[in-house]
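S.K.: got a predicted structure here, sequence first:
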Amino acid sequence: MKAPLALNRLAKWRTVFAGWQLGTRAKGDPECDAVRDQRELLLLLRAEMNALTTLCLEKRLFTAEDWDAAVAKEADILNESLSQRFPGFRATSVGLEMDSKVAAETTKGWRM
């Protein structure tokens with residue numbers, strides 16, 4: 001089985017991403033460990049999703065156009081859900097828009 005070795009190798013990038021986000025920290029630092037775990041999960045999910053999509057396209061279970069439309073639909077649904085979850089924020093094609101008055105309430109109590 002090649003996948004476990006390849007995935008293990010890919011997961012090593014978690015440390016680079018954690019350092020990029022938080023700066024160099026020792027293993028055992030709870031915040032950095034959490035970021036490393038999250039980055040590893042995202043890397044593995046991306047590799048798995050890409051593999052699944054490639055197999056489905058190769059087996060002609062759907063077309064690239066079907067895939068594109070489905071991804072766009074799901075992205076729009078998630079985007080709307082996030083706008084509702086974080087009132088005052090809205091993602092657009094050119095960036096993140098913020099209504100400062102509403103966002104101030106949303107971010108009350110967030111760590112600075």
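M.R.: Great, that's in hand. Numbering: from 1, shown residues only.
S.K.: what pLDDT, on average, does the host helix or strand of residue 84 get?
M.R.: Secondary structure from DSSP states H and E places residue 84 in helix 64-85. The pLDDT scores in helix 64-85 average 97.
S.K.: next, count neighbours for residue 98.
M.R.: Residue 98 has 15 neighbouring residues, counting by other Cβ atoms under 10 Å. Just so you know, the C-beta spots here come from the backbone N, C-alpha and C atoms, and that holds for glycine as well.
S.K.: rewinding a little: who are the packing partners of the helix or strand following the helix holding residue 84?
M.R.: Going down the chain from helix 64-85, the next helix or strand is strand 89-92, by DSSP H and E. Based on contacts counted as 3 or more Cβ pairs under 8 Å, 6 or more residues apart in numbering; DSSP states H and E, the elements that strand 89-92 packs against are helix 64-85, strand 95-98.
S.K.: what's the closest of these to residue 21?
M.R.: Closest to residue 21 of the helices and strands packed on strand 89-92 is strand 95-98 (Cβ to Cβ; 17.9 Å).
S.K.: output the closest one as PDB, restricted to C-alpha atoms.
M.R.: Provided in PDB are the C-alpha atoms of strand 95-98 (Å, rounded to 0.1, in the frame of the first residue of the first chain):
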ATOM      1  CA  GLY A  95     -12.700  40.300  -1.100                       C
ATOM      2  CA  LEU A  96     -14.300  40.200   2.300                       C
ATOM      3  CA  GLU A  97     -16.800  43.000   3.000                       C
ATOM      4  CA  MET A  98     -17.500  44.100   6.500                       C
END
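S.K.: distance of the residue sitting nearest the centre point of the chain relative to residue 4?
M.R.: Closest to where the C-alpha atoms of the chain average out (Cα atoms, centre = their mean) is residue 42, at 6.0 Å. Remark: distance between residue 42 and residue 4 (Cβ to Cβ, to the nearest Å) = 18 Å.
S.K.: contacts for the helix holding residue 84, please.
M.R.: 53, 56, 57, 62, 89, 90, 91 (Cβ atoms under 8 Å, 6 or more residues apart in numbering).
S.K.: which ones are touching the last one?
M.R.: Counting by Cβ under 8 Å, 6+ apart, residue 91 makes contact with 79, 82, 83, 97.
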